[in-house]
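Novice: What shape does this take:
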Amino acid sequence: MEKSRSYPRYSSQLGSEDQTNPYSSYTFNGPMGQQNSGTLNEPEMKRKKRIAAYNLFTKEGKVKASVRDSFKWIKTKINHVRNSL
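Specialist: Residues are numbered from 1 along each chain as shown. Next up, the predicted model:
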């Protein structure tokens with residue numbers, strides 16, 4: 001690669017620094033040499049998944065209860081209107 005006259009310091013470092021830097025801008029989860037980073041924190045990941053499942057079950061239960069209450073309300077209103085005639 002040719003050295004630039006206006007920026008000699010930057011042009012000489014272009015090819016060498018990108019290859020040896022383990023913390024490139026494309027690695028967001030740590031250095032590229034680190035393998036199996038998910039297994040190091042596996043109990044924490046299992047706990048987070050379990051808590052997410054619990055939260056999902058809670059929300060699902062709330063939705064079911066809301067739908068059930070809505071049907072009860074509609075049923076009582078219809079019965080009230082039908083019985084008042």
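
Novice: Going by C-alpha atoms from here, please, whenever you check contacts or count neighbours.
Specialist: Will do.

Novice: quick one: low-confidence parts of this protein?
Specialist: Applying pLDDT under 70 to the chain picks out residues 1-40.

Novice: Recalculate using a threshold of 50.
Specialist: Applying pLDDT under 50 to the chain flags the ranges 16-18.

Novice: For it, which segments count as helices?
Specialist: Ranges of helices in the chain, per DSSP state H, are 8-20, 37-40, 42-84.

Novice: Please convert those helices to TSV, extending it with mean neighbour count.
Specialist: Listed next are the helices of the chain as TSV, based on neighbours: other CA atoms under 10 Å:
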stretch	mean neighbour count
helix 8-20	11
helix 37-40	10
helix 42-84	12
